[in-house]
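J.: Here you go, sequence then predicted model.
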Amino acid sequence: MKASILLLILVITLFAREDRVDIKAQILEKIFSNIHVDSGVTLWCDNKHLLEELKKSSYLIITDECAVATIIVVESRESIENDENCKNKPIFVLNYELLKNIPESFGAFFWKKGRPNIVIIESRALFQNIRLSKELESYKEEKVW
Amino acid sequence: MRFFTPLLLLFTLGFCDETSLDSLLKEYKSVEQPYHHTKKESAGHIRVITRSELDKMQAYTLNDVLKTLRFFTLQPRKNGMTTLVRSGETQMSSLPAKIYINSHELNSATLGNALVQYGRMGLYFIDYIEIYQAGNSVVFGNEPGTLLIKLFTKDPSRENGTSIQASVDSLSSITLQGVDARVFDEYSYLANIDLKQNNYENYTTNNSELSRDGERGQFYLKFSKEDDYDIEVGATKEKYDIFSGLGTATLDGHTQTSDIYAHITKYFKNNLKVMLTASYEKFELYDKDEVGIPISGVSAPFPKQLDTQISTQIYSAIIEKRFINENNELFLGAQHKHQKFGIDEYKIDGADYARDWGPKHLDIYMFFAENLYNINENHLISLSAKIDFYENSLNNSSTEHIFRAGYVALLDEKWTFKLFAMQSYMYPTFLQTTYSPNYKINPDLRSAESITTTAELIYNTLQDTIFGVGVGRSTTDDAIIFDMNETNPSESIYVNSTKENSFEFVFANMEHNFNIDNKLKIEIYRQFRDNYYSPKQGASIQLFNTFGKFDIYNELLYHSKYTSLDDVDIKEGFDYSLGVIYKLNRRLDLKLKAENIFDRASETPIGDIQASAIDRRVLLTMEYTF
């Protein structure tokens, strides 16, 4: 562990943009373990690194195929808009702008004002028969800002 | 020490199945703090002030942060501005402090001290601040500094929106601030506007009303293409009442400064970076005095009015390259800086007055290198060198050197040790060699040569508490000192001291994190030198708390009593401030802050009065996020 700490001192600027996927995956795991759909939650994500990290979850079922998923997690619209297999599925987005642009999206995990935020649009979740545990109560919003 | 934090948090997260989502978000925010990627432990004794801390502190201006720095006291100046004074020294002592916004140095050739010019700068567009004290790494480029303040702007990809903030205070000051930041594919921008009407307590002396009220405006824009380039443009304008002025019975007057700059950073492959900067500054002083304004070369009766205006143009080009090879990193850099100084107006009693001025052009050619080497997994050595060639318009040239060695050791998982030794120099400023509104200039000043050695030992209990203790010694040959002429102050002049100047210092601090929302910071310090003309010791206590929707901040700053250069005894200062923030909802925060509650902040004698840089006031602020 010490070696990795000191290497941080040396090459610290190299990784200035690197995202901490592991913790991000834990937050998503926590969110989706509090979300329920009739057919059970099976997740697919368009970010390969995040998908691999999510596979370590002991709670969630993760798939490599969008077609098999019951909920899809996306950070880019392009990754799903030309794929018929991804149509008409509940979508959770990783960019707040996508929540405005994708009507099927019911929730978002994103950065705003220097803080990570979670938002669940209650009406969109209800419309897609998505049930939420109490843990997510404080993240509900009536509409997209 | 702080680089332990993300690893500890990760370790904690391994056992956090039962952790609430809110806690996970806070921990995610903490490990994703961008300062983990920018701060350089090998660059000196570093203190980081995060955005979360700035928010809780309700630090609206740079001075709100500077006043908490160890070894320094924030003092008001005769001309209505403020400055930082190092323990024991006076406002006329040379203090090479550097302020950067990202990689752009905020130049202050005109005023000779960036802390004077930018102390009231709004921080709404700043994400976090890194402060390096007591000798700094050469990799930051530019002329050397002993106090380096790096301001990093908010990241548009994390800001993602528009926020505005409005403040009013009990002295009728008003502040309006706005930030807008967006990302469009690979492009992003960050824009900031900041407008202030600053009011302060007035004083009366010699039948004169002393005011330092003023206005300030600031604009900043950063446009970036990811991994390709940043274009930054900034502008500031501020105007303040003259306060006590340069005489003894001021009737009217003001100081006005303005500056504008453009800075381009281009990133190439293989860690190559090129930066180009152009900046322009202007300073105007108008002073009218009932008795007279002593001016160098003018015999009594002294003129009753002084109008002067000066300006500086600065152009800079920097190229930097890093070579990273397994356990070694070599940094190479070169810079050319051209400074052109102009005395646009100098009038006494309304008529042009000819004085002899010093060199008005200065070219600096700088070459710098630093090597970081891991001897083994626990020990890091840094070696730096910088060669600077100075040439001014009087064809005086000099070659200056900086050599620096550093050692950082992780003795075990709890103990960290840092040792730095630096041989550096301090080149005289334009205000010392070329122009002064009232006292004599000295074009023949030479650089001061200094050697600074510092050591710091840090102990992390691994149970939320960190202790630190540091010592240091600095010696200066040819120190640039202000030679005060007691009988005729306007004939005072900066000279190279014939004696070796030295001082020693010691500090100790503690940070205890009760949990991720609540922490306590305590710091004490003391300087040791022959004479003290400002507080020689001080302490600070900062308590950050969050209870539900409330953020609460307590701050107590202590500065010891002292006797000023003009023999005025000043009592010790106790500056206690309290801030409360109520988060009404996702969009709206209400903030209340009381500064210098006991009206006991450290004071500075100015003429017949004693004034503090921090007035007692209450601020009410509303922040709205769209």
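T.: Perfect, thanks for sending it. Model, not experiment: these values are computed from the prediction.
J.: okay, CA-based contacts and neighbour counts for the rest of this
T.: OK.
J.: Show me where chain A has its strands.
T.: A:35-36, A:42-45, A:61-62, A:71-74, A:91-93, A:105-112, A:115-121, A:131-132, A:140-141 (DSSP state E).
J.: got a markdown table for those, with mean neighbour count, distance to chain B and mean pLDDT too?
T.: Output for the strands of chain A, formatted as a markdown table (neighbours: other CA atoms under 10 Å in any protein chain shown; distance: least, CA to the nearest CA, whole Å; pLDDT from 0 to 100):
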| stretch | mean neighbour count | distance to chain B | mean pLDDT |
| --- | --- | --- | --- |
| strand A:35-36 | 16 | 13 | 90 |
| strand A:42-45 | 23 | 19 | 90 |
| strand A:61-62 | 18 | 17 | 90 |
| strand A:71-74 | 24 | 15 | 92 |
| strand A:91-93 | 26 | 15 | 93 |
| strand A:105-112 | 22 | 5 | 92 |
| strand A:115-121 | 21 | 6 | 92 |
| strand A:131-132 | 17 | 14 | 90 |
| strand A:140-141 | 16 | 10 | 89 |
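J.: Please could you give me each C-alpha atom of stretch B:458-470, formatted as PDB?
T.: Extracted as PDB, the C-alpha positions of stretch B:458-470 are listed here (Å, rounded to 0.1, in the frame of the first residue of the first chain):
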ATOM      1  CA  ILE B 458       2.900  14.400  10.700                       C
ATOM      2  CA  TYR B 459       1.200  11.700  12.800                       C
ATOM      3  CA  ASN B 460      -2.000  10.200  11.700                       C
ATOM      4  CA  THR B 461      -3.700   8.100  14.400                       C
ATOM      5  CA  LEU B 462      -5.600   6.400  11.600                       C
ATOM      6  CA  GLN B 463      -8.600   7.100  13.900                       C
ATOM      7  CA  ASP B 464      -9.700  10.400  12.400                       C
ATOM      8  CA  THR B 465      -7.000  12.600  14.000                       C
ATOM      9  CA  ILE B 466      -3.900  14.100  12.400                       C
ATOM     10  CA  PHE B 467      -1.200  15.900  14.400                       C
ATOM     11  CA  GLY B 468       1.500  18.000  12.700                       C
ATOM     12  CA  VAL B 469       4.500  19.900  13.900                       C
ATOM     13  CA  GLY B 470       7.000  21.900  11.900                       C
END
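J.: Can you list the buried residues in that stretch?
T.: Residues B:458-460, B:465-470 are the ones in stretch B:458-470 that count as buried (16 or more other CA atoms under 10 Å in any protein chain shown).
J.: now swap in stretch B:195-209 and tell me
T.: For stretch B:195-209, the neighbour count (16+ other CA under 10 Å) marks B:195-200, B:203, B:208 as buried.
J.: any chance of the residues you listed in CSV, plus distance to chain A?
T.: Listed next are the buried residues of stretch B:195-209 as CSV, based on distance: CA to the nearest CA, whole Å:
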residue, distance to chain A
B:Leu195, 21
B:Lys196, 22
B:Gln197, 26
B:Asn198, 27
B:Asn199, 30
B:Tyr200, 31
B:Tyr203, 41
B:Ser208, 47
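J.: For the closest residue to chain A within the stretch 151-300 of chain B, which residues are in contact?
T.: Chain A sits closest to B:Glu159 of the stretch 151-300 of chain B, with a gap of 4.1 Å, by CA to the nearest CA. Going by CA atoms under 8 Å, 6 or more residues apart in numbering or on different chains, B:Glu159 touches A:111-115, B:181-182.
J.: Count the residues that sit near the closest residue to it other than its chain neighbours.
T.: Excluding the flanking residues, the one nearest B:Glu159 by CA to CA, 6 or more residues apart in numbering or on different chains is A:Lys113, at 4.1 Å. Using other CA atoms under 10 Å in any protein chain shown, A:Lys113 has 22 other residues around it.
J.: Test for you: state the pLDDT assigned to A:Lys113.
T.: Per-residue confidence (pLDDT) for A:Lys113: 90.
J.: wait, doesn't it sit right on B:Asn160?
T.: Yes - between A:Lys113 and B:Asn160 there is a contact at 6.5 Å, judged by CA atoms under 8 Å.
J.: Nearest the middle, which residue of chain A would you pick?
T.: By CA atoms, centre = their mean, chain A has its centre lying nearest to A:Val73, at 4.6 Å.
J.: looking at it, that one is touching A:Val93, isn't it?
T.: Yes - taking contacts as CA under 8 Å, A:Val73 lies within contact range of A:Val93: 5.6 Å.
J.: where do the helices sit along the stretch 301-450 of chain B?
T.: Under the criterion DSSP state H, counting those that start in this stretch, helices of the stretch 301-450 of chain B are mapped to B:430-433.
J.: Alongside chain A, which residues does it contribute?
T.: The stretch 301-450 of chain B has residues B:324, B:327-329, B:372-374, B:377-380, B:410, B:413 near chain A, with proximity defined as CA under 8 Å from any CA of the partner chain.
J.: Closest to chain A out of those?
T.: Checking these against chain A with CA to the nearest CA, the nearest one is B:Glu377 at 4.5 Å.
J.: Quick check: the closest one vs B:Lys418, distance?
T.: 15 Å (CA to CA, to the nearest Å).
J.: Which one of the two is surrounded by more residues?
T.: Neighbour count, other CA under 10 Å: between B:Glu377 and B:Lys418, B:Lys418 has more, with 20 against 16.
J.: who's the more buried one bridged to?
T.: For B:Lys418, the beta-bridge partners under DSSP bridges are B:Val408, B:Glu456.
J.: Likewise for B:Ser474?
T.: So, taking DSSP bridges as the rule, B:Ser474 has B:Thr452, B:Phe503 as bridge partners.
J.: Quick check: which ranges of the stretch 1-150 of chain B have low pLDDT?
T.: B:1-19, B:135 (pLDDT under 70).
J.: One more: chain B?
T.: B:1-19, B:135.
J.: max-length helix in it?
T.: Longest helix in chain B, counting residues (DSSP state H): helix B:21-31.
J.: Which stretches in chain B count as helices?
T.: B:5-13, B:21-31, B:35-38, B:51-57, B:62-66, B:114-118, B:156-159, B:430-433.
J.: which secondary structure elements does the longest one contact?
T.: Which is helix B:21-31. Contacts defined by 3 or more CA pairs under 8 Å, 6 or more residues apart in numbering or on different chains; DSSP states H and E place helix B:21-31 against helix A:21-32, strand A:115-121, helix B:5-13.
J.: Report the angle between it and strand A:105-112.
T.: Between the axes of helix B:21-31 and strand A:105-112, defined by axes from the mean of the first three to the mean of the last three CA atoms, to 10 degrees, the angle is 40 degrees.
J.: Just the buried positions in helix B:21-31, please.
T.: Result for helix B:21-31 [16+ other CA under 10 Å]: buried residues B:21-22, B:24-31.
J.: re the thing from before, would you mind giving the helices of chain B as TSV with distance to B:Ser244 added?
T.: Shown next, in TSV, are the helices of chain B (distance: least, CA to CA, whole Å):
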stretch	distance to B:Ser244
helix B:5-13	48
helix B:21-31	46
helix B:35-38	41
helix B:51-57	31
helix B:62-66	21
helix B:114-118	16
helix B:156-159	42
helix B:430-433	20
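J.: so which of those helices comes closest to A:Ser79?
T.: Comparison of the helices of chain B against A:Ser79 by CA to CA identifies helix B:156-159 as nearest, at 19.9 Å.
J.: quick revisit: may I ask which two of the buried residues of stretch B:458-470 are separated the most?
T.: B:Thr465 and B:Gly470 (17.0 Å).
J.: Tell me how many other residues surround the residue of the stretch 1-150 of chain B found nearest chain A.
T.: In the stretch 1-150 of chain B, the residue found nearest to chain A is B:His37; the distance is 5.1 Å by CA to the nearest CA. Around B:His37 there are 19 other residues, counting by other CA under 10 Å.
J.: gap between it and B:Val31?
T.: Distance, B:His37 to B:Val31, by CA to CA: 11 Å.
J.: my guess is B:Asp517 meets B:Gly548, correct?
T.: No - counting by CA under 8 Å, B:Asp517 sits too far from B:Gly548 to count as a contact (10.1 Å).
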